[in-house]
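Peer 1: Please find the sequence and the predicted model below.
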Amino acid sequence: MVENQIIPPRNNPYCLGHEANEQNLLQALHAGRMPHTLLFEGPKGIGKATFAYRFARFILTKSSSEIQEAPSFDISPEALSFKRISSGGHADLCVVEPGRNKDGQKSKYIQIDDVRAAINFSRKTPGEGGWRVIIVDSADELNKNSANALLKLIEEPPTRTTVILLSSNKGKLPVTITSRCQQYSFLPLPKDVLDRVIANFPGGEFSEDIRYLAAGSPGKAADLVFKNGINVYKGMLTFISMNLNRQGEKAVFGLQSVLDNNAEIFESFCEYFYEFIGKYIDFKMDKLQPILFNERDIFEKMNQTSVGEWVDIWQKSVAFLREAKIYNLDWRTTLNAIVYIFEKRA
């Protein structure tokens with residue numbers, strides 16, 4: 001496997017493909033309308049976090065007069081503020097994200113104490129006399145208590161503080177939060193822009209198949225190459241195929257070597273599974289190009305059951321997968337439940 005050395009969002013000075021959002025935000029700033037709460041929403045891995053740090057660097061570096069005249073959010077990587085943000089040492093930037101447990105595994109949720117720390121941060125005088133920025137990455141990982149705490153923050157935003165929420169699934173967020181945000185949608189990158197982004201990735205081979213599976217997401221393209229994503233995708237296809245043949249329990253056993261008891265790999269597996277029903281519907285409508293690996297065989301077998309029943313099966317399966325994440329269920333237990341859902345089909 002190639003070592004992943006892709007520039008993390010907080011260190012990346014570029015954000016290709018989202019120039020329209022940048023210009024729209026600049027127009028607001030030029031008019032003196034600094035937003036108190038922003039929601040950047042769109043698919044995973046398309047640059048929302050990179051854009052959030054780019055925006056944060058801009059307002060934490062520039063004076064009020066410079067902000068009103070700037071043509072872009074560009075800040076030199078040599079600037080002291082850029083380096084402090086990259087190292088996590090800027091006094092006026094607070095990042096709220098899931099912590100890690102004693103085993104080094106990323107927590108599944110942002111806890112209430114994480115949000116309380118951000119609230120305490122917002123009550124302090126800005127260290128450099130300008131703005132303070134709070135980035136919540138991602139708001140999808142708020143639990144009920146932490147979401148309620150965040151709501152109190154954005155209901156009465158402190159002066160000279162901007163809160164940026166990142167979300168890949170806006171529908172999961174409470175309306176009480178989203179209704180108080182200025183929202184910006186981030187779309188998958190066009191193929192030519194995706195090619196420009198991944199051209200700067202170190203090592204790895206980005207075949208046409210990988211570009212297709214990435215669906216406009218540089219982050220997904222990176223996972224496919226650097227995190228064994230192709231094998232995970234093929235494992236997902238095998239899981240579905242064996243379930244269609246009433247061999248679901250064997251399929252779960254066979255995934256041991258693919259998933260390797262790794263929570264992040266299992267999350268990628270689930271994401272591929274979530275999206276597969278959409279591919280099947282595109283196939284039924286003659287819109288799916290290209291068709292990869294053994295997808296055609298799977299689609300032909302799925303044709304033996306109605307589309308409506310498959311949509312119902314996927315809705316139940318996805319709901320269970322998301323609930324299993326909440327209760328931290330073992331991946332084997334989780335997938336065996338999906339096997340049961342498949343077996344109950346007509």
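Peer 2: Right, received. Where do you want to start? Numbering: from 1, shown residues only.

Peer 1: got the contact list for the helix or strand that Tyr233 is a member of?
Peer 2: Applying DSSP states H and E as the criterion places Tyr233 in helix 229-244. Around helix 229-244, the neighbours that count as contacts under C-beta atoms under 8 Å, 6 or more residues apart in numbering are 209-210, 213, 220, 223-224, 248, 250-252, 254-255, 258-259, 265, 268-269, 272-273, 276, 293-295, 297-298, 301-302, 335, 338-339, 342-343. All C-beta atoms are positioned from the backbone trio N, CA, C, and that covers glycine.

Peer 1: Could you list which of those residues belong to helices?
Peer 2: 209-210, 213, 220, 223-224, 248, 250-252, 254, 258-259, 265, 268-269, 272-273, 276, 295, 297-298, 301-302, 335, 338-339, 342-343 (DSSP state H).

Peer 1: Nearest residue to the residue nearest the centre of the chain in space, please, no chain neighbours.
Peer 2: The centre of the chain sits closest to Lys44, judged by C-alpha atoms, centre = their mean, with a distance of 3.0 Å. Distances taken as C-beta to C-beta, 6 or more residues apart in numbering put Ser168 closest to Lys44, at 4.5 Å, once the chain neighbours are dropped.

Peer 1: tell me the mean pLDDT over stretch 272-289?
Peer 2: What stretch 272-289 shows for mean pLDDT is 92.

Peer 1: got the CA coordinates for that stretch in PDB?
Peer 2: Provided in PDB are the C-alpha atoms of stretch 272-289 (Å, rounded to 0.1, in the frame of the first residue of the first chain):
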ATOM      1  CA  TYR A 272     -20.000   2.100  -0.500                       C
ATOM      2  CA  PHE A 273     -23.000   0.000   0.600                       C
ATOM      3  CA  TYR A 274     -25.200   3.100   1.100                       C
ATOM      4  CA  GLU A 275     -24.500   4.300  -2.400                       C
ATOM      5  CA  PHE A 276     -25.000   1.000  -4.200                       C
ATOM      6  CA  ILE A 277     -28.800   1.200  -4.400                       C
ATOM      7  CA  GLY A 278     -28.400   4.400  -6.400                       C
ATOM      8  CA  LYS A 279     -26.100   2.700  -8.800                       C
ATOM      9  CA  TYR A 280     -28.700  -0.100  -9.300                       C
ATOM     10  CA  ILE A 281     -31.400   2.400 -10.000                       C
ATOM     11  CA  ASP A 282     -29.100   4.200 -12.500                       C
ATOM     12  CA  PHE A 283     -28.400   0.800 -14.100                       C
ATOM     13  CA  LYS A 284     -32.200   0.200 -14.500                       C
ATOM     14  CA  MET A 285     -32.500   3.500 -16.200                       C
ATOM     15  CA  ASP A 286     -29.500   2.900 -18.500                       C
ATOM     16  CA  LYS A 287     -27.600   5.800 -16.900                       C
ATOM     17  CA  LEU A 288     -24.800   3.900 -15.200                       C
ATOM     18  CA  GLN A 289     -21.400   4.100 -17.000                       C
END
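
Peer 1: Indicate each strand paired with the longest strand along the chain and its parallel or antiparallel sense.
Peer 2: The single longest strand within the chain, with elements called by DSSP state E, is strand 161-167. Partner strands and pairing direction for strand 161-167 (DSSP bridges) are strand 37-41 (parallel), strand 132-136 (parallel).

Peer 1: do you know which of those strands lies nearest Ile7?
Peer 2: strand 132-136 (16.9 Å; C-beta to C-beta).

Peer 1: Quick check: mean pLDDT of whichever helix or strand comes after that closest one?
Peer 2: Counting by DSSP H and E, the element after strand 132-136 in chain order, helix or strand, is helix 144-155. Helix 144-155 shows a mean pLDDT of 95 in the predicted model.
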